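A.B. asks: This is a predicted model, with the sequence first.
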Amino acid sequence: MPDSYLTLKDVAGLLKLSEKTLYRLANQGTIPGFKAGGSWRFRRTDIENWVAKQIENKKPS
């Protein structure tokens, strides 16, 4: 099954973030994404893995 690609608006809605915040995170390289034709795109699996890593990093030792 091919990977699905999401827009900045899609990911912002998925993560309950403002588009401005997500744009800043993407520009900083904090969240995985790439520009295609000047617009941000995100692979769904990359976002899911990034969220899982964020959760794992917050667990107490």
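C.D. replies: It's in. Numbering: from 1, shown residues only.

A.B. asks: Can you show me the helices along the protein?
C.D. replies: Secondary structure of the chain (DSSP state H): helices at 8-15, 19-28, 44-58.

A.B. asks: Please point out which parts of the last one sit buried.
C.D. replies: Along helix 44-58, the positions that meet the burial threshold by neighbour count (16 or more other CB atoms under 10 Å) are 46, 47, 50. Quick note: C-beta positions are derived from backbone N, CA and C, even for glycine.

A.B. asks: Count the neighbours of the residue nearest to the second one when sequence neighbours are not counted for me.
C.D. replies: The spatially closest residue to residue 47, leaving aside those adjacent along the chain, is residue 11, at 5.9 Å (CB to CB, 6 or more residues apart in numbering). Using other CB atoms under 10 Å, the number of residues around residue 11 comes to 23.

A.B. asks: export the helices of the chain to JSON lines and tack on mean pLDDT and distance to residue 37?
C.D. replies: JSON lines is the format used below for the helices of the chain (pLDDT from 0 to 100; distance: least, CB to CB, whole Å):
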{"stretch": "helix 8-15", "mean pLDDT": "97", "distance to residue 37": "13"}
{"stretch": "helix 19-28", "mean pLDDT": "97", "distance to residue 37": "15"}
{"stretch": "helix 44-58", "mean pLDDT": "93", "distance to residue 37": "19"}
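
A.B. asks: mind putting the buried residues of helix 44-58 in a markdown table, distance to residue 38 included?
C.D. replies: Output for the buried residues of helix 44-58, formatted as a markdown table (distance: CB to CB, whole Å):
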| residue | distance to residue 38 |
| --- | --- |
| 46 | 20 |
| 47 | 20 |
| 50 | 22 |
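
A.B. asks: so which of those comes closest to residue 30?
C.D. replies: residue 50 (8.9 Å; CB to CB).

A.B. asks: quick one: residue 31 from residue 60, how far?
C.D. replies: Distance, residue 31 to residue 60, using CB to CB, to the nearest Å: 24 Å.

A.B. asks: Comparing those two, which residue is more hemmed in?
C.D. replies: The neighbour comparison of residue 31 against residue 60 (other CB under 10 Å) goes to residue 31, with 22 against 3.

A.B. asks: my guess is the more buried one meets residue 47, correct?
C.D. replies: Yes - under the criterion of CB atoms under 8 Å, residue 31 makes contact with residue 47 at 7.4 Å.
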